[in-house]
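J.: predicted model and sequence below, questions to follow.
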Amino acid sequence: MNYPSSPVSRPFPWAALGWGAAILLFVAWVCGLGSRDLTVSDPEFKNGATSLKTLVAGSVEPPSVKGKYGGVLTEATLADPKTFNIWVATDNGSFGVGGTLFDSLIARNPFTNKYEARLSELPTVSNGGKTYTFRLKDGLKWSDGKPITADDVMFTLDMIYDPKTAGIMREGMMVSVPDKKAPGGFKQVPIKYRKVDEKSVEFTLPVPYAPVLSILNIAPAPRHKLYSAWKSGKINSTWSVDTPPSQLVASGPWIMKQYISGQRVIYERNPNFWKKDKWGRTLPYLERYVLLIVPDLNTMALKLKSGELDSTTVPAPDYPDAKSYEKRGGYTIYDLGPSFSTNYLGFNLNPKAKVEPWKIKLFQQQKFRQAVSYAINRDLMSVNLFRGLATPAWSYVSSANKAFYNPDVPKYPYNPKKAEALLDEIGARDTDGNGFREYEGHEIRFSIQTNVENNVRKSMGIVITKDLKNIGLNVTFTPIAFNKLLGSLDAPPFDWEAIILGFGGGVEPHDASNIWSSSGPTHQWHPSQKTPATPWEAEIDTLFRRGAQELDPVKRKKIYDRWQVIASEQMPLIYTLVPDALVAIRNKFGNLKPHPQGALWNQEEIFDLKATGAAPS
């Protein structure tokens, strides 16, 4: 499922955004973090963005300090929710607003990349790595005082695996196994689960599965609130945005107090939140959390300046203006180094697409795609469009992903002469002297599209178009509405030629399997193949299956290293730049630990420096 991302600057503690599926993003500015306890009193942060670059490589979470109670944190989201029911949601607005209410069984620490206990203790593993038993912590309660039990977890799984339940979670909780009815083929099967006792649930997989924890870090649903709706077939319409907030319950740090469409969501402290600080005191420290609904990034920037927002992402082109106002605005801009987002230029390689066959044949030429990559001046684009706050990209995996990034992939630094030589090799030459090359008797002309809502991508399109014309390709650039663009990518007749878009990533590479597996619906250049169209796609299919079932982390890294090499050699997606994660945070909070996966990911322990409460009010 494809949908816009929100600039809310902390990740959900569970895999709401895709549940094992990499998401195509239309706003790719991801916030990030540092590597020690970042507070506004820290002198190293007085100089703003540039001083943080040396601190982003830490692997140990900074220690927390004892906070006071009180205060409000205000952020913004781009879209209204369509539902408060995250288990049937398909849009980022719903995940952002509804997901704030719920905690997960376990969650990955962005600093260590290791999973940590949340509602559950870390699971025990048995049966040769195929059985995982989760035990809930003692004394867990929903915000209305009802106990959180194994029945809630069982109900959540029953609901997700029910084909009648809407949403995107079911697809991400299936496991790929050999299909005995189709030798050499594979099929998707659900994970088996059973209740052990009132606090424990056991999951059994058909094969060892390395990314299992990214699948099982689910947020339990409240059975006492939603079971009857599911049983009666009404779950997809239950907890609509018309539901009074008082009827919702929460397991996370916040309960919803008010929702006004198009304006704001107000949350208050959940008195039954399970987590304590290391001194045994109730969390969160803050009294309230507010999400303003702001449909564009320019308005967010204005609200940051006016003091209405406490934190927001900063697109690189806006950095100089935001930085110049930093002292007057009372905030600090943190440059957290490369984000997990990548931008790319992609060509349509689908022989069934409604595109002239000679163009598809040209696009399918590896040397053509390599020539295009050599023709793009990434360094100049970084300086002119991103103020130098972006680095050249050669792979799907950003250098921010310390666990799986492979720096040793083929690279294509700006070299128009090399690009021209590669085009000559495949017979793409300018035979009539008009300045544009021909291929099989046709002048090479094609259109690049991107989403009109994204000003940075539009600027990138203009630069790339110029670069490609310089090597004799007659390229036009046509920004169109995002939904229209996605419609041409996702379904027949696939009538697009080239696109500029981006992916947001995370640590787990298997989350990208729906993009890189040849049968995947978002295998963008040639989706939903019954059998791999090329040997290199077949090899990537095999690598992803092996990577999922390899439990040795060193061997697993080598598998995904090979995938990145193949992807960079073949270039079905031509990566351009990885933008820095830039985030502005007002100078009023303690226990800040920003990281590229979420600037305010540890929200429950952030506190207002002027707060005075010794206990929750």
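T.: Arrived safely.

J.: export only the CA atoms of the longest strand along the chain, formatted as CSV.
T.: Longest strand in the chain, counting residues (DSSP state E): strand 577-586. The C-alpha trace of strand 577-586 is given here as CSV (Å, rounded to 0.1, in the frame of the first residue of the first chain):
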residue,chain,number,x,y,z
LEU,A,577,20.9,11.4,-3.2
VAL,A,578,20.3,10.6,0.4
PRO,A,579,19.2,13.8,2.2
ASP,A,580,20.4,14.6,5.6
ALA,A,581,17.9,14.2,8.4
LEU,A,582,17.2,17.8,9.5
VAL,A,583,15.0,18.5,12.5
ALA,A,584,14.2,21.6,14.4
ILE,A,585,13.4,21.2,18.1
ARG,A,586,12.5,24.0,20.5
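
J.: just the strands in the stretch 351-500 of the chain please.
T.: Taking DSSP state E, counting those that start in this stretch, the strands of the stretch 351-500 of the chain run over residues 390-392, 438-439, 442-443, 445-451, 474-480, 498-504.

J.: need the winner for burial among those.
T.: Scoring these by mean neighbour count under mean count of other C-beta atoms under 10 Å gives strand 498-504 as the most buried, with a mean of 24. (Each C-beta comes from the backbone N, C-alpha and C, glycine too.)

J.: return the distance of the next helix or strand after it from the chain's centre.
T.: Next along the chain after strand 498-504, taking DSSP states H and E as the criterion, comes helix 513-516. In terms of C-alpha atoms, centre = their mean, to the nearest Å, the centre of helix 513-516 is found 14 Å from the chain centre.

J.: contacts for helix 513-516, please.
T.: For helix 513-516, contacts defined as C-beta atoms under 8 Å, 6 or more residues apart in numbering pick out 20-22, 171, 396, 503, 520-524, 540, 544, 548, 563, 567.

J.: name the helix or strand of the protein that has the lowest mean pLDDT.
T.: None of the helices or strands of the chain scores lower by mean pLDDT, DSSP states H and E than strand 23-25, at a mean of 32.

J.: identify the residue nearest the geometric centre of this structure.
T.: Note on the chain: the residue nearest the mean C-alpha position is residue 504, at 4.1 Å, using C-alpha atoms, centre = their mean.

J.: correct me, but that residue touches residue 340?
T.: Yes. Residue 504 is within contact range of residue 340, at 6.2 Å (criterion: C-beta atoms under 8 Å).

J.: report the two of the contacts of helix 513-516 separated the most.
T.: 171 and 567 (22.7 Å; C-beta to C-beta).

J.: of these two, which one has the most company?
T.: residue 567 (23 against 16; other C-beta atoms under 10 Å).

J.: so for stretch 468-480, mean pLDDT?
T.: The predicted model gives stretch 468-480 an average pLDDT of 97.

J.: then stretch 184-197?
T.: Rounded mean pLDDT across stretch 184-197 is 89.

J.: show me the contact partners of that stretch.
T.: 133, 150-151, 154, 157, 161, 171, 173-179, 201-206, 215-216, 545.

J.: quote the end-to-end distance of that stretch.
T.: With C-alpha to C-alpha, to the nearest Å applied, stretch 184-197 spans 39 Å between its terminal residues.

J.: buried residues, it. List them.
T.: 191, 193 (16 or more other C-beta atoms under 10 Å).

J.: quick one: closest of the strands of the stretch 351-500 of the chain to residue 613.
T.: That would be strand 498-504 among these, by C-beta to C-beta, at 36.8 Å.

J.: okay, now the sheet partners of the closest one, with direction.
T.: Here strand 498-504 is paired, per DSSP bridges, with strand 23-25 (antiparallel), strand 341-347 (antiparallel), strand 445-451 (parallel).

J.: correct me, but residue 363 touches residue 351?
T.: No. Using C-beta under 8 Å, residue 363 is not in contact with residue 351; the gap is 10.4 Å.

J.: out of these two, which sits in the busier spot?
T.: Using other C-beta under 10 Å, the more surrounded residue of residue 363 and residue 351 is residue 363, with 22 against 12.

J.: pLDDT wise, what is the residue lying farthest from the centre of the chain at?
T.: Relative to the mean C-alpha coordinate of the chain, counting by C-alpha atoms, centre = their mean, the farthest residue is residue 432 (46.9 Å). Model confidence at residue 432, expressed as pLDDT, equals 95.

J.: enumerate every residue touching it.
T.: Residues in contact with residue 432 (C-beta under 8 Å, 6+ apart) are residue 438.

J.: again, 7 Å this time
T.: For residue 432, the contact set (C-beta atoms under 7 Å, 6 or more residues apart in numbering) is empty.

J.: roughly how far does it sit from residue 448?
T.: 24 Å (C-beta to C-beta, to the nearest Å).

J.: check residue 345 too.
T.: Separation of residue 345 from residue 448 (C-beta to C-beta) stands at 7 Å.

J.: please enumerate the shared neighbours of those two.
T.: Shared contacts of residue 345 and residue 448, defined by C-beta under 7 Å, 6+ apart, are found at 464, 498, 500.

J.: can you show me the helices along the stretch 1-150 of the chain?
T.: Under the criterion DSSP state H, counting those that start in this stretch, the stretch 1-150 of the chain contains helices at 92-99, 150-161.

J.: including mean pLDDT, could those go into CSV?
T.: Below are these laid out as CSV (pLDDT from 0 to 100):
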stretch, mean pLDDT
helix 92-99, 91
helix 150-161, 97
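
J.: so what's the backbone phi/psi at residue 186?
T.: phi -140, psi 160 (degrees, to the nearest 10).

J.: excluding its backbone neighbours, what's nearest it?
T.: Once flanking residues are discounted, residue 186 sits nearest to residue 176: 5.1 Å by C-beta to C-beta, 6 or more residues apart in numbering.

J.: please name the bridge partners of the one you found.
T.: Those that pair with residue 176 in a beta bridge, by DSSP bridges, are residue 188.

J.: any idea how far residue 229 is from it?
T.: 32 Å.

J.: quick check: closest non-adjacent residue to residue 114.
T.: residue 108 (7.0 Å).

J.: number of residues surrounding the one you found?
T.: 22.

J.: mind listing what it touches?
T.: Shown in contact with residue 108 (C-beta under 7 Å, 6+ apart): 114-115, 507.

J.: any low-confidence regions in the stretch 501-617 of the chain?
T.: For the stretch 501-617 of the chain, no stretch is flagged by pLDDT under 70.

J.: same thing but at 80, please
T.: The stretch 501-617 of the chain contains residues with pLDDT under 80 at 504-505, 514, 521.
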